[in-house]
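> prediction below, plus the sequence it came from.
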Amino acid sequence: MTTDSSATIPLRILIADDNQSDRMILKAILTRHGHEVIMAEDGVQAVAAFEQQRPQMVLLDVLMPNMDGLEAARLIKAAAGEDLVPIIFLTSLSDAESLASCLEVGGDDFLTKPYNRVILRAKIHAFQRMRDLHQSLQDERDRTDQRNRQMMREQALARRVFDNIAGRGCLEADNVRFEASPMSIFNGDVLFASPKPSGGMHLFVGDFTGHGLPAAIGALPMSEIFYGMTAKGFAISDILREMNRKLQNILPTGFFCCAAMIDLNLRSGDAEVWNGGLPTAWILRHDGTQDELPSRHLPLGILPGERFSAACERHKLALGEHMLLATDGVIESSNGEGEMFGEERAVAAIGQRRAPDEGFDCLRDAAHWFGEGVVSEDDITILDVAMVQESALGALEHEVLPDTGTGPEQWRLQYDLRDRSLAEFNPVPLLLHVCMDVPGLRLFSGDVYTVITELFSNALEHGVLRLPSGLKDSPSGFSRYYSERERLLGQLDSGWVSITLEHQAHGDDGGGTLLVTVADSGPGFEFREGASSLNHEQLSGRGIALVQALCHDVRWNQNGNCVEAKYTWRSG
């Protein structure tokens with residue numbers, strides 16, 4: 001034999017009826033089934049009894065003195081709030097209009113006189129099941145709300161941590177403009193910018209799959225990789241490979257980061273660009289044209305390291321020309337009719353510019369007007385960076401890591417690279433790291449990086465590869481020069497470059513001298529002392545002049561395949 005489990009659950013039930021015999025009959029039926037009964041003689045007493053004793057169900061007569069059942073039902077439903085308190089009207093009325101009025105004020109069912117005990121019991125059981133279901137939904141809603149608040153707190157905490165890390169950069173530089181419109185506390189788009197030790201800057205735009213904490217999982221370590229490796233002088237190809245390796249390790253299947261990265265060299269006026277999965281970017285020229293920078297790679301975090309390509313495009317920019325990038329939140333934004341903004345509208349928007357510096361405003365305003373009144377379904381990020389003279393950002397300082405003051409002051413190091421290692425490995429970040437262990441020398445890391453980089457590049461490109469610097473006599477020649485450089489590096493199977501670093505402390509004056517000697521296996525070249533001068537307008541021959549400007553003394557051997565540069569520094 002089966003039993004209805006709900007019959008064993010006692011309820012507190014309010015009976016409001018001005019007829020005493022009807023009240024007593026209902027009370028007898030309900031108490032026999034274990035329910036607690038509260039009695040009221042009219043609507044006023046019913047409302048007061050409900051507010052004081054909070055019954056779980058109400059049996060309410062329609063016609064009562066002082067306040068009828070219809071008005072009492074309105075007040076009881078309002079007092080119940082989100083709690084489900086079923087109201088069963090007690091009535092002898094049978095016309096449709098009267099019954100409809102009962103439902104309109106909040107009634108849930110009817111019980112006609114004279115009362116049928118079986119039907120009354122069935123109705124109470126049915127409404128008890130509804131109450132249990134309603135309570136379960138409310139409990140689940142409360143748990144969901146609590147989890148959501150906890151997640152929002154965690155996102156806000158992650159946002160603060162991320163801002164502290166990403167805020168170390170140079171997004172506020174005069175040649176950088178950006179707009180970031182997140183759809184959640186933690187943006188699925190990321191934007192980094194950092195000065196390089198040698199001058200210029202690295203910039204990174206990323207668009208993660210997902211938002212909130214899933215994006216934070218990748219954004220936080222990527223920020224550390226970007227700023228840390230940029231400060232140590234790594235090239236963007238090295239940084240991209242490390243980012244890809246990290247995301248491969250930490251992101252779950254199906255998560256990745258569409259990204260673009262720029263190495264903006266303010267000294268040479270060129271930019272290296274890598275685009276993996278972001279919409280086409282543009283170089284905005286003075287003549288009103290724009291060069292497209294399409295995605296040529298898969299996003300970060302998809303390919304394993306041995307298949308990942310960090311090959312970059314190199315472009316020449318004149319002073320005042322701009323690069324403009326946007327995440328797919330711009331291209332895929334929709335208007336009220338469900339139309340997508342798309343790349344055609346983006347190109348048309350930037351085509352309205354009268355000068356390169358107006359492209360950012362044209363694209364941003366067009367995207368805003370197109371999607372006005374529509375809530376974006378994705379994060380939107382736009383980045384604009386201009387080529388300017390290095391002196392225009394003279395106050396911009398690159399990140400200097402804390403000086404531990406524990407390294408040696410007197411030392412000598414020789415580092416040799418041979419054959420394929422010359423094409424596959426950049427020794428400058430490693431050598432810079434050694435130099436930065438000298439107490440006090442970290443403050444001059446930019447100068448040290450520039451001296452080592454220029455001398456190593458000169459030895460590799462002009463000594464081993466025998467590339468003539470004069471190729472870079474025009475923007476087109478500049479492009480040919482680096483295409484030829486990549487071709488020769490791909491074929492390189494012999495040759496060597498030797499770098500010797502020697503540091504001597506000055507004693508009590510708080511400084512020292514770093515002697516940098518670079519030799520190569522090339523035939524050398526004819527070099528006349530003082531023949532080079534630093535000209536910011538020329539495209540070639542500036543590296544040697546820059547080293548001369550930074551160093552106390554620069555000397556070549558008779559053949560020109562060995563150079564010795566003396567860099568003197570003083571603290572304070």
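Good, I have the coordinates.

> beta partners of L293?
Using DSSP bridges, the bridge partners assigned to L293 are A281.

> quick check: it vs F308, distance?
Applying Cβ to Cβ, to the nearest Å, the value for L293 to F308 is 19 Å. Where C-beta positions appear, they are placed from N, C-alpha and C, glycine not excepted.

> between those two, who's got more neighbours?
The residue with more neighbours, out of L293 and F308, is L293; 23 against 19, by other Cβ atoms under 10 Å.

> my guess is that one contacts N275, does it?
Yes. Using Cβ atoms under 8 Å, L293 makes contact with N275 at a distance of 5.8 Å.

> overlap of the contact sets of these two?
Here L293 and N275 share the contacting residues A260, A281, scored by Cβ atoms under 8 Å, 6 or more residues apart in numbering.

> for the residue positioned nearest the centre of the chain, report the pLDDT, please.
The chain has V190 as the residue nearest its centroid, 2.7 Å off, counting by Cα atoms, centre = their mean. Looking at V190, its pLDDT reads 86.

> now L303, nearest residue through space, not along the chain?
Leaving aside its chain neighbours, L303 sits nearest to N244 (7.0 Å; criterion: Cβ to Cβ, 6 or more residues apart in numbering).

> which stretch of helix or strand covers that neighbour?
Taking DSSP states H and E as the definition, N244 sits inside helix 236-250.

> and stretch 13-28, how far from the chain's centre?
65 Å (Cα atoms, centre = their mean, to the nearest Å).

> distance between the ends of that stretch?
This stretch, stretch 13-28, spans 12 Å end to end (Cα to Cα, to the nearest Å).

> and that stretch, which residues are buried?
By neighbour count on 16 or more other Cβ atoms under 10 Å, the buried set for stretch 13-28 is I13, L14, I15, A16, D17, D18, D22, R23, I25, L26, K27.

> may I ask which two of those are separated the most?
By the measure Cβ to Cβ, I13 and D18 form the most distant pair in these, at 17.5 Å.

> the residue nearest to L303 contacts L298, doesn't it?
No. The pair N244 / L298 is not scored as a contact, 9.4 Å apart, by Cβ under 8 Å.

> which of the two has more residues huddled nearby?
For N244 versus L298, neighbours defined as other Cβ under 10 Å are more numerous around N244 (28 against 16).

> now the more buried one: how far from M222?
Per Cβ to Cβ, N244 is found 10 Å from M222.

> M340 touches D328, doesn't it?
No. In this structure, M340 is not within contact of D328 by Cβ under 8 Å, at 10.4 Å.

> which one's more surrounded, the two?
D328 (18 against 13).

> dihedrals phi and psi, that one?
phi -70, psi -10 (degrees, to the nearest 10).

> I'd say it and A260 touch.
No. At 11.4 Å, D328 does not count as touching A260 under the criterion of Cβ under 8 Å.

> quick check: neighbours shared by those two?
Here D328 and A260 share the contacting residues L278, scored by Cβ under 8 Å, 6+ apart.

> state the distance from P299 to A346.
Distance from P299 to A346, counting by Cβ to Cβ: 20 Å.

> likewise F456?
Distance from F456 to A346, by Cβ to Cβ: 41 Å.

> and for F255?
Here F255 is placed at a distance of 26 Å from A346 (Cβ to Cβ).

> neighbour count winner among those two?
Between F255 and A346, counting by other Cβ under 10 Å, A346 is the more crowded of the two (22 against 18).

> what packs against the helix or strand harbouring that one?
Using DSSP H and E, A346 maps to helix 342-350. Counting contacts by 3 or more Cβ pairs under 8 Å, 6 or more residues apart in numbering; DSSP states H and E, helix 342-350 packs against helix 328-331, helix 359-370.

> switch the cut-off to 6 Å
Here helix 342-350 touches helix 359-370, going by 3 or more Cβ pairs under 6 Å, 6 or more residues apart in numbering; DSSP states H and E.

> point out the other helices and strands that the helix it packs on packs with.
In terms of contacts (3+ Cβ pairs under 6 Å, 6+ apart), helix 359-370 is packed against helix 342-350.

> G206 bridge partners, please.
V190, A259.

> contacts only, for it.
The contact partners of G206, by Cβ atoms under 6 Å, 6 or more residues apart in numbering, come to V190, C257, A259.

> how much space separates the last one from I302?
To tie it back to what came earlier, the one meant is A259. A259 is 11 Å from I302, by Cβ to Cβ.

> which one's more surrounded, these two?
Legend: neighbour count by other Cβ under 10 Å for A259 and I302, higher for A259 (27 against 19).

> next one: I88 from T450, what distance?
Look at I88 and T450: by Cβ to Cβ, they are 87 Å apart.

> ok, those two, which is more surrounded?
T450 (24 against 20).

> low-confidence ranges, the stretch 101-250 of the chain, go.
154-156, 158-168, 182-187, 210-216 (pLDDT under 70).

> how about the strands in it?
For the stretch 101-250 of the chain, the strands defined by DSSP state E, counting those that start in this stretch occupy 109-112, 176-181, 189-195, 201-208.

> put together CSV for those strands, with distance to A392 on each row.
As requested, those are arranged in CSV below (distance: least, Cβ to Cβ, whole Å):
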stretch, distance to A392
strand 109-112, 79
strand 176-181, 12
strand 189-195, 13
strand 201-208, 12
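
> give me whichever of the ones you listed is most buried.
Greatest average neighbour count among the strands of the stretch 101-250 of the chain goes to strand 201-208 (a mean of 27), per mean count of other Cβ atoms under 10 Å.

> ok, G373 - how many residues close by?
6.

> phi and psi next, for it.
With angles defined as degrees, to the nearest 10, G373 sits at phi 90, psi 0.

> the nearest residue to it once chain neighbours are set aside and M151: what is the separation?
Spatial nearest neighbour of G373, chain neighbours left out: G336 (6.1 Å); criterion: Cβ to Cβ, 6+ apart. As judged by Cβ to Cβ, G336 and M151 stand 31 Å apart.

> so these two - more neighbours on which side?
In this view G336 and M151 are compared by other Cβ under 10 Å, and M151 has more residues nearby, 13 against 10.

> and the closest residue to D270 other than its chain neighbours, backbone torsions?
Among residues not flanking D270 along the chain, K316 sits closest, at 5.3 Å (Cβ to Cβ, 6+ apart). Torsion angles at K316 (phi, psi; degrees, to the nearest 10) stand at phi -90, psi 130.

> so K316 makes contact with S268?
No. In this structure K316 lies outside contact range of S268 using Cβ atoms under 6 Å: 8.6 Å.

> what sits closest to L60 if chain neighbours are left out?
G69 (4.5 Å).

> the one you found contacts V62, correct?
Yes. Under the contact definition of Cβ under 6 Å, G69 touches V62, with a separation of 4.3 Å.

> who has more neighbours, those two?
Ranked by neighbour count (other Cβ under 10 Å), G69 and V62 place G69 first, with 28 against 22.

> do you know how far the more buried one is from A40?
Separation of G69 from A40 (Cβ to Cβ) stands at 11 Å.

> what does D437 give?
As judged by Cβ to Cβ, D437 and A40 stand 87 Å apart.
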